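Trainee: Need a 3D model of the sequence below.
(2 chains)
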Amino acid sequence: MVIKRETREQARQLRAQGTPIIDIAKQLGVSKDTISDWTHDIELTPAQIEALKAKNHRSANQLIGAKAIKLKAREQRQKWQEAGRTKARENRLLHRIGCLLYWAEGAKRRNTIIFVNTDPEMMRLFMRFLREELRLDDEKVTLYLQCYTLVISEQEKIQQYWLDTLGLKTANLGTVYVKKANAQGQNKYPHGICTITVSSTELTMHIYGAIQEYVGFERPEWLF
Amino acid sequence: MVNKKHIERQQARELRAQGISIIEIAKQLHVSKGSVSTWVRDIELTPEQAHRLVKNQGATTRQYIPAMNRDKAYLNRQVWQNEGRIKAREGDILHMTGCMLYWAEGTKRRNSIIFVNSDSDMMRLFVQFLREALHVPDELMKLQIHCHTHDELEKSRIATYWLNLLRLTDKNLNNIHTKVSSQIAKNILQNGVCALTVNSTELTMHIYGAIQEYGGFERPEWLF
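Mentor: Below you'll find the model as predicted:
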């Protein structure tokens, strides 16, 4: 990891000089996203920004188009949140529970529902919420597991445990990660850690809208 | 002819009626503890005598007192969980919300409610739940704040922020910890992380009972 840190420092220096992210990425052989992640807090001088803009090969029309697409996507997200709020007003218990659990445990991403837990009852309840309240097809669900053992037969046991608990099929299984093979983790979490993932901006936004409706607050940053 | 044993038995009973311990009687009469015990076990001691024995005697008598307390405490926890379950059947929305959030975010301790979060709306809602659904008096709420700065001014700003938000006073503030970590944590968690503690086995068990009722499952390990 030492190499990464050095690369990161290099990237930050280049960015501070006003180098475009794409150029830094090419020069260091690292992805654009990584460079962006490393350098997004570096503030450029107005002159540097002007220089970057002048270098940008995109035409004015392209920029207008990109902006329009962005705006449209945002409006769409707003609509989906509104649908979540409407559903929340129906006052369905399981829907409320699912949304509240997601508020507490869920990853606050834009396009993906990610729910992580070790508690089988909580995972089961959340899965029920996805099926019964959000009308989600099982095949949209991907299950990621983290476990504390290197023994393959143990890993398979854990897989089977979660598939049975959640009523899913082998097709739903994503990667099984070994977090750290040690007895402590194994004792504390004999079934490892389970992650449910659903890639759907519509449903993610639906949940965000519903949370705001149930709890009675506004969180504009969830529109992204 | 009067049996020797018979006399000893009479003497033992007289001594016991005066509240003398079985060991003491056995020593005085040169008979075994087991004999004395069978001779005198039907003699009821006055509460004062019993109390004195418990206080003065060795571990034999004292040993079962903690065991008795343990059983009593277990029973109490059961009763409190049951109260939580009954409350859960009333369909109080705020109560359900608080319990679900606690299931997700709460520390699963035996004697304390500990709820940690950085989301101001969630903290506010949880305090509302404690006040209105569980009738927790303000003075029982203890606040701990974790922040990512060493600057005293900034620390007091963060403390005031949380106290105002939760409508609590300086008396509720236990301490402010500084967590030394990355700039990123500082940027994301500008108001630090807030931990709320209420030391009450009764209320902790109430919440566990209610969670099981709402979630529709049994978790005996929460009785501890």
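Trainee: List the buried residues in stretch B:70-77.
Mentor: B:Arg77 (16 or more other Cβ atoms under 10 Å in any protein chain shown). All C-beta spots, glycine's among them, are computed from the backbone N, C-alpha and C.
Trainee: List the residues that contact the spatially most distant residue from the centre of chain A.
Mentor: Farthest-out residue of chain A from its mean C-alpha position, per Cα atoms, centre = their mean: A:Ala47, at 35.2 Å. Neighbour list for A:Ala47: A:Gly18 [criterion: Cβ atoms under 8 Å, 6 or more residues apart in numbering or on different chains].
Trainee: Now do the longest helix anywhere in chain B: distance to the chain's middle.
Mentor: With secondary structure taken from DSSP state H, chain B has its longest helix at helix B:59-88. Chain-centre distance of helix B:59-88: 10 Å, with Cα atoms, centre = their mean, to the nearest Å.
Trainee: quick one: average confidence on that helix?
Mentor: Per-residue pLDDT over helix B:59-88 has a mean of 83.
Trainee: continuing past the one helix or strand in chain B whose mean pLDDT sits lowest, what's the next helix or strand?
Mentor: Sorted by mean pLDDT, DSSP states H and E, the helices and strands of chain B end with helix B:183-188, the least confident at a mean of 68. Next along the chain after helix B:183-188, taking DSSP states H and E as the criterion, comes strand B:193-199.
Trainee: Return that next one as PDB; C-alpha atoms alone will do.
Mentor: Only the C-alpha atoms of strand B:193-199 are listed here, as PDB (Å, rounded to 0.1, in the frame of the first residue of the first chain):
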ATOM      1  CA  VAL B 193     -20.900  11.900  16.400                       C
ATOM      2  CA  CYS B 194     -23.400  12.000  19.200                       C
ATOM      3  CA  ALA B 195     -23.900   9.100  21.700                       C
ATOM      4  CA  LEU B 196     -26.900   9.100  24.100                       C
ATOM      5  CA  THR B 197     -26.900   6.900  27.100                       C
ATOM      6  CA  VAL B 198     -29.800   6.000  29.500                       C
ATOM      7  CA  ASN B 199     -28.800   3.700  32.300                       C
END
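Trainee: what residues does that strand touch?
Mentor: Contacts for strand B:193-199 (Cβ under 8 Å, 6+ apart): B:111-118, B:123, B:126-127, B:130, B:136, B:140-147, B:162, B:166, B:174, B:179.
Trainee: Give me the buried subset of those residues.
Mentor: The buried subset of the contacts of strand B:193-199 (16+ other Cβ under 10 Å) comprises B:113-115, B:117, B:123, B:126-127, B:130, B:136, B:141-147, B:162, B:166.
Trainee: Go through the residues you listed and flag which are in helices.
Mentor: Checking the buried ones among the contacts of strand B:193-199 against DSSP H, those in helices are B:123, B:126-127, B:162, B:166.
Trainee: distance of the closest residue to A:Ile42 other than its chain neighbours from chain B?
Mentor: For A:Ile42, ignoring the flanking residues on the chain, the nearest one in space by Cβ to Cβ, 6 or more residues apart in numbering or on different chains is A:Arg15 at 5.0 Å. When distance is defined by Cβ to the nearest Cβ, to the nearest Å, A:Arg15 is 15 Å away from chain B.
Trainee: Averaged pLDDT, the host helix or strand of A:Arg15. What do you get?
Mentor: If you go by DSSP H and E, A:Arg15 is part of helix A:2-16. Averaged over helix A:2-16, pLDDT sits at 84.
Trainee: So which other helices or strands are in contact with it?
Mentor: For helix A:2-16, the packing partners by 3 or more Cβ pairs under 8 Å, 6 or more residues apart in numbering or on different chains; DSSP states H and E come out as helix A:21-28, helix A:32-39.
Trainee: so how far is it off the chain centroid?
Mentor: 26 Å.
Trainee: I'd like to check the angle between it and helix A:21-28, please.
Mentor: 140 degrees (axes from the mean of the first three to the mean of the last three Cα atoms, to 10 degrees).
Trainee: interface residues of chain B facing chain A?
Mentor: B:93, B:96-97, B:100-101, B:103-105, B:121-122, B:125, B:183, B:187, B:214-217, B:219 (Cβ under 8 Å from any Cβ of the partner chain).
Trainee: Those residues in helices, which ones?
Mentor: B:93, B:96-97, B:100-101, B:103-105, B:121-122, B:125, B:183, B:187, B:214-215.
Trainee: Work out which residue lies at the spatial centre of chain A.
Mentor: A:Arg109 (4.0 Å).
Trainee: mind showing which ranges of chain A have poor pLDDT?
Mentor: Within chain A, the stretches with pLDDT under 70 are A:1-3, A:57-60.
Trainee: Fine by me, we can end here.
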